[in-house]
Every structure is written in C-alpha cells, then in structure tokens.
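Trainee: can you look at this prediction? I've put the sequence above it.
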Amino acid sequence: MDPYATAGGAPQLTAPSSSDSANSSPSVSTGTATSTATPISSATTEPHPVAPASVPAACLACRGKHLKCDGNNPCSRCTSSNTECLYVPSRRGYKGPRRGTAHNPNKRHASSSPPYPGTEGDCPMLLGHGGVNVNVNLTASGLAGFNPAIVLPEQSPASYTNPSPLTSVPLYRNPFVNAMDPNGLALTSATAGAPPVQAPPPTLEQRCFDAFYHFFHAGHPFVLPKEYFLRMLKEGFAPNMNIVLAAMRYIGSLYIDAGPARATYLDEAIRLCYQPGTTKDGFLIQALLLIIIGLDGQCNQPRARELLADCEHYAIEIDLNKRDFATIHGRGNPVLEESWRRTWWDLYVCDGMIAGVHRVTKFLLFDIQADVGLPCEEQQYLTGRIPTQTLYMEDFDDQGFSDEDREFSSFTYRIAAARNLGRMMRMPPVMFPDDSTVDRVQSLLTNWRIHLPDSKRDDLNKNCTLDEMMFQAHFITHACTIMLHQPLSQLDTTPVQAVNSCAPHRPVPSGDVFNAHTRHTLTAAAEISKMITQAVPVTQHTHFFTCVVTLSSIVHLSRWALYFVDDEDHLRQQIRLNIGALRKLSRVWKAADTAWTQVRAVAHDIYREKKAQQISPAFWVGFTQEQMMSSINADEGIMSEFQNAAANGAAVGSGVMGRVSQE
DNA sequence: TAACTCGGACTTTCAAGAGT
DNA sequence: CTCTTGAAAGTCCGAGTTAT
C-alpha cells in the first residue's frame, strides 16, 4: 500500500489510478481545455482522438526521457520497464513571490498547489497536495511520550473563520510562509489572540525538542524548520520522521538536565535507525547525522565513526549526492527539497570537520561526485521563502570568470571552506618549509577569504545577529591555516602533547627562526580566540568549535612555553579566553570537558616550568624591575583563575539548562 | 532495427503591469 | 477587476545516436 495515500477521497500524492484515467483526461483540468482540446498534432493525425494529446503532468521517468506519459500511476512506460513511477507537482509559471505586495489569501497561489475542489484526486498536477496519512502512530515507534496533537491545535481560531489554503495544503510549494500561522505550530506557546490558558507544563520530551531547535539547529540547519517538521510529523508524512524526532530528542537532552533519560534517548534513537524494516531515506540520514554529531561531542568518537561510515554508505546508496534527489523526494515542497540539499551538504561538512579535527577518518565524501544544489540563506529556509533558482557548485566556481554578480549563501561559503579543508588533506606530504604545495593550499584559503562579499566578511548577518554558517566557515578556514602551517612553524608542540582530546599529538620540532608559517599559525590561533568574544552564548555554536578552540590553545600554549614571548600579557588573555570557552562548552559537550581539563593542566605545567626558569637570574636579563614584577603577578593571576575555574568546574554538572541559559 | 537521448517546438501557468 | 505581456516550467515530437 502506498504509505502516502489518503483515505476518504483525500488528495493523492500520486497520479490517479488507471480506472480513473478516462476521467482524468488532461482536458478536464480547469482552464486548460481550450488549448489542449484541439492540439495540432492530434487534429491532423488522429481522426478519432481517444487519447489525450498531453497530460497535465508527466511522471519523472517520462519527463526525464522526453517521452509521452499517459498520466496513470504507474504509467504504462514505468509499468513495462518495471521502474518506480513518481510524480511531482508542476512548478510551471511560478517565479517567486510578488515583489512588494502583500499576499492576498483569497487568491490561490499556483505553486501552493491549487486546491481545486473535487478534482485533486484526478489531476496529477496536484500530486503531493497534502496527501498524507494523518494517522501518526507515535506509540508504535516507541515514542508514546511525545504527542504533537497535545501541543498542536488543529487550527488557530482565526483559521476557522478565514480558511487559509495553507492549512489544507500544508505540504505544497508555499512561498508565503508568513501566512502560516505560527501559533498553531509553536510547541509550547499559547494561541495568539486567545485568552491566556494555563498550559500544562511541558514534558521532558517537549523540552528536549525545544532545546534542540533553540540551541542546536542553527549550527547544523538541515532538519526541517520547526513549524514544517511538526506539521509534517503530525500528518504522518514519512515514518522515518519519528527516527529524526528521537535523534532530536537525544540532542536536545544534552542541553537540559535530562538525567538518565539522555542515555535512554540515545539508545532509542540508534535502535530505531537500525531496526529491521527501516527504509533508507533522507530522514534516516538526518537522524544518523544528528546522532553522529551528538556522539562525537560526547567523546564517543569510535561509535560516531561507525555510524558515520553507515550514514555515508546509505546516503550514496539513496543518491543523496545527486541533483535530482531533492526534486524526486521533495514532494513538490521547496522547503523539504531544501532540507534534502542541506542534509547532503551538512553531512559533507561534518565528514570534513570530523576528519579535520580528529585526523582518524579521511573525509570520504570529498572524493564523491556530487552535484547537489547549494543551500539558500538561513532566513529564507526558516521562513520557507526558498529561492526558485537553485545555484550549484559550478556557479560558485565560475564566479569571477562570469559577468554575473551572484550572491551565495553563508552555507555555501561553509561548504567551500570544508572543500578547502579536503583539498588540504589530499595534498602530498610536505617535506620542507618552501614546498610549493603549501603555497597552493594557502592560495585556496586566501582566495576563499578575499572573494567573500562584504556582507560575509564577519560572522554577523544583516540584522547584526550571529551568522553561524559564516562563523563555522571562518573557523574551518582558521583551523586549516593552523594545520597547514603549524608543522612548518617555529612552535614546538612537545610541551602541549598532553592535549590530545580532539586529535592525537603530532610532534612539531622547534624551528630555529620565526618564519612566515609561524606568523600564519599565530594569526589564525588569535583569530579563533577572537571568535569566542562574539556576543552570543558559546554553547550555541556547533560542538566542533571545541576542537578548533583546542587547536588554537595548543598554538597559544606552544608559544607561551617559548623562552621569550613578545606581548605575553595579550597571549595570556587569549589563553584565558580559550579556557573560558572550553569551560562553557563543557557544560554541554563532554569532549569540551576533556579538552578543558587537558588545556588547563598543560597551562599549569608551562607555568611551573616558567617559574623554574625565573629562578635563574639569566631569565630576567633585559627586564626592568617593574616588568619583572608585572610578569610574575600576571602569571600568578592567570594560574589562580585556572585553579578557581577547576574548583567551579567540578561543581558544574554536565548540561543544566539553567546554567546554559544564564550565559 | 530496436532502444535510447535530447534539441527544441509548442503549451501551460504565473507575476506584474496597464487599462477600465 | 480584467486584460495583456513576458517568462519560466512543462510536455513530448522526432531526428540523431547507440546498443543489440
């Protein structure tokens, strides 16, 4: 049985059955009879036209082959070739929302799937028209605790009096998402306009779900926006959405005081992913990717790697890396199509980041041919205003050579940064500081930076709020710079070899002179420390920031360990910043907790070493009395802060919402 | 020679603007 | 509000190519 079919004559996602075909002649379709009833070809070649000249919508297989489709489901060609017969709604004529005019709710919108009364089931053009199984059996999937119906009113009061096509056609192309009633979707907020109702306290599951969107989603924005996710979940859009929900619940539980439920949520999410009969689809990839990120941040890297291997395997198996995937599986819903594109690219970026920071995996997806469309801007995704024109990586690579002045999304620059990371990882081993390979990779990094449009140069978007995608893009590039130059720099990493929470220690012999590689390394490390000062809670960043801060700390500590450090006070401040950020991150991510402990311990060791050096009068040659006292005091100050931080840190539980939200 | 590919003619649909 | 216009999205004919 078609899992998306609806009962009771509800609109179908698929084409009409063959028994309906007599009535489903395309000429029946409203408003098209005149032009299709007397086509030239049939008038001249068929004296008794029994078959329609053309159907309102051809299936994807026929469309792709430029062949006539009979409009049945399955069509005769798909039947004879024994292939899947898929229909997607037409987007013809649609050119995006009207400019500068408010949406008139009384006028139907073409791409919102015109709700022709009584004809939906007959017209393949309307495929996807809300035709989903409304029976969400959460209990069957072991998720009895979460019932969207409790928190999702069927319709807001306003929508009863003024029926919006969106409430009846929720899954269709909808460029006017402002018309969507967010109050009918908010998980815990009361209905607008209604008298305040004493809402029942949210359950733990609901709080985890909210925490996921509040803290995590911006860092890895591939899951559907909250409103869309809830609506589709409620309508039973796809069984595997329940697996995504389980994974989201696990991620959300990391940010709140979920107690032993956290482990249960993780087990449940993994169990659902691997239970027999689970179909491999985009939702499964999303769920796995969430779990992978969670496990990686919780120091369970071996398990994360196992799941990552499976996830990549499945993604390629279902053609997630192909351009058509979004269209074929998007059911005509541009937000869902965008979600599929984002799922591929976030998997790509995460694969790169995991390989980059842990240096165990190889960034497998870097070598996989992919022609997936590029994601749009975050605000467009969240509001459902998906641009009609999808750009591709070749467009990005052609910029600068073509006359067109295109703007690419922040997510695109993040992908490009990850791609540079992949290119760096594929470079042959560098034997000497003047190796041209290093110059080539540095050119990539510099090109990435100098070709950023003005609006993307910092991590703030137009509203002066943090642009997390650009934030990640920048830190990926800084991390690349450190990984590229540090091995050739003057900085000896021996004193910081104990800091191995993110990646195994790589010995870097101390160079004799301060060289350009040292400068690149120090600048990148300083830039990372500067990123910590963004006016947003550090826990709202992706947990991969932990490893980048750790990388920066290794550089700072290596420098601090040098016999003589220029501008030591500034360096101490940067180390303090890094340790502070790791401490904050440790409230959510266990990996940060480990890194924090290690960085602090190494800082302490270096301090002791410096104290030992200070005993020798030779150390103070060239210092004035004042400089000497200042240096000693600063060292004492920073160490007492480390000690205090350690004492406080022991009292901090791992992940208490109250603490996180205080930041 | 059958099967397949795909350029391109033609159709459908829409947003936007002009006219009433 | 209707009509017109321009353009995007779509169907599928049929010429050319490839496989059997």
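Mentor: It's in.

Trainee: okay, A:V197: pLDDT?
Mentor: Note for A:V197: predicted pLDDT of 42.

Trainee: let me fix that: A:S501
Mentor: At A:S501, pLDDT is 65.

Trainee: next: A:A651.
Mentor: In this model, A:A651 carries a pLDDT of 38.

Trainee: what's the closest non-adjacent residue to the one residue in the stretch 451-600 of chain A that gets nearest to DNA strand C?
Mentor: In the stretch 451-600 of chain A, the residue found nearest to DNA strand C is A:P453; the distance is 23.3 Å by CB to the nearest atom of the strand. All C-beta spots, glycine's among them, are computed from the backbone N, C-alpha and C. Setting aside the residues directly before and after it, A:P453 is nearest to A:E407 in space (CB to CB, 6 or more residues apart in numbering), at 6.4 Å.

Trainee: contact partners for A:T83?
Mentor: Taking CB atoms under 8 Å, 6 or more residues apart in numbering, we find A:T83 in contact with A:A61.

Trainee: which intervals of chain A have sub-threshold pLDDT?
Mentor: Low-confidence segments of chain A (pLDDT under 70): A:1-53, A:89, A:93-201, A:400-406, A:430-434, A:462, A:493-514, A:561-566, A:604, A:607-663.

Trainee: one more pass at 50, please.
Mentor: A:1-52, A:96-198, A:646-663 (pLDDT under 50).

Trainee: related to what we said a few turns ago, the residue of the stretch 451-600 of chain A closest to DNA strand C: neighbour count?
Mentor: 12 (other CB atoms under 10 Å).

Trainee: A:D351 now?
Mentor: 25.

Trainee: which helix or strand contains A:A417?
Mentor: Assigned by DSSP states H and E, A:A417 falls within helix A:410-425.

Trainee: after that helix, which helix or strand is next?
Mentor: Criterion used, DSSP H and E; the element after helix A:410-425 is helix A:436-450.

Trainee: quick check: domain ranges of chain A?
Mentor: A:1-93+A:110-131, A:148-192+A:199-398, A:458-662 (automatic domain parsing).

Trainee: if we can go back for a sec, other residues contacting the helix holding A:A417?
Mentor: Against helix A:410-425 from outside (CB under 8 Å, 6+ apart): A:221, A:342, A:345, A:348-349, A:352-353, A:355-356, A:362-363, A:366, A:374-378, A:391, A:393, A:396, A:441, A:444-445, A:448, A:452, A:456, A:461, A:467, A:469-470, A:472-474, A:476-477, A:479-480, A:483-484.

Trainee: please repeat the previous calculation with a cut-off of 7 Å.
Mentor: Helix A:410-425 has contacts (CB atoms under 7 Å, 6 or more residues apart in numbering) with A:345, A:348-349, A:352, A:355-356, A:363, A:366, A:374-375, A:377-378, A:396, A:441, A:444-445, A:448, A:452, A:456, A:467, A:469-470, A:472-473, A:476-477, A:480, A:483-484.

Trainee: can you give me the angle it makes with helix A:436-450?
Mentor: Angle of helix A:410-425 versus helix A:436-450, following axes from the mean of the first three to the mean of the last three CA atoms, to 10 degrees, is 170 degrees.

Trainee: and the stretch 251-400 of chain A, which of its residues are near DNA strand C?
Mentor: A:T388, A:Q389 (CB under 7 Å from any atom of the strand).

Trainee: can you rerun that using 10 Å?
Mentor: Residues of the stretch 251-400 of chain A lying close to DNA strand C by CB under 10 Å from any atom of the strand are A:T327, A:G332, A:P387, A:T388, A:Q389, A:T390.

Trainee: residues in contact with A:I293?
Mentor: Under the criterion of CB under 7 Å, 6+ apart, the neighbours of A:I293 are A:H220, A:C350, A:H543.

Trainee: of those, just the buried ones, PyMOL syntax please.
Mentor: Here is the PyMOL command that picks out the buried ones among the contacts of A:I293, judged by 16 or more other CB atoms under 10 Å:
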select buried, chain A and resi 220+350+543
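
Trainee: so which of the contacts of A:I293 belong to helices?
Mentor: A:C350 (DSSP state H).

Trainee: looking at the contacts of A:I293, which is nearest A:R262?
Mentor: A:H543 (15.1 Å; CB to CB).

Trainee: just give the nearest non-adjacent residue to that closest one, would you?
Mentor: Per CB to CB, 6+ apart, closest to A:H543 is A:G297, 3.6 Å.

Trainee: try A:S558
Mentor: A:S558's closest residue in space is A:L491 (CB to CB, 6+ apart), at 4.1 Å.

Trainee: ok, the one you found touching A:H556?
Mentor: No. Applying CB atoms under 7 Å as the test, A:L491 and A:H556 come out as separate, 9.7 Å apart.

Trainee: how about the residues of the stretch 251-400 of chain A by DNA strand B?
Mentor: So far as CB under 10 Å from any atom of the strand goes, the stretch 251-400 of chain A lies against DNA strand B at A:T388.

Trainee: closest point of the stretch 251-400 of chain A to DNA strand C, which residue?
Mentor: A:T388 (4.5 Å).

Trainee: burial count for that residue?
Mentor: 13.

Trainee: could you pull up phi and psi at it?
Mentor: The phi and psi values for A:T388, taken as degrees, to the nearest 10, are phi -70, psi -30.
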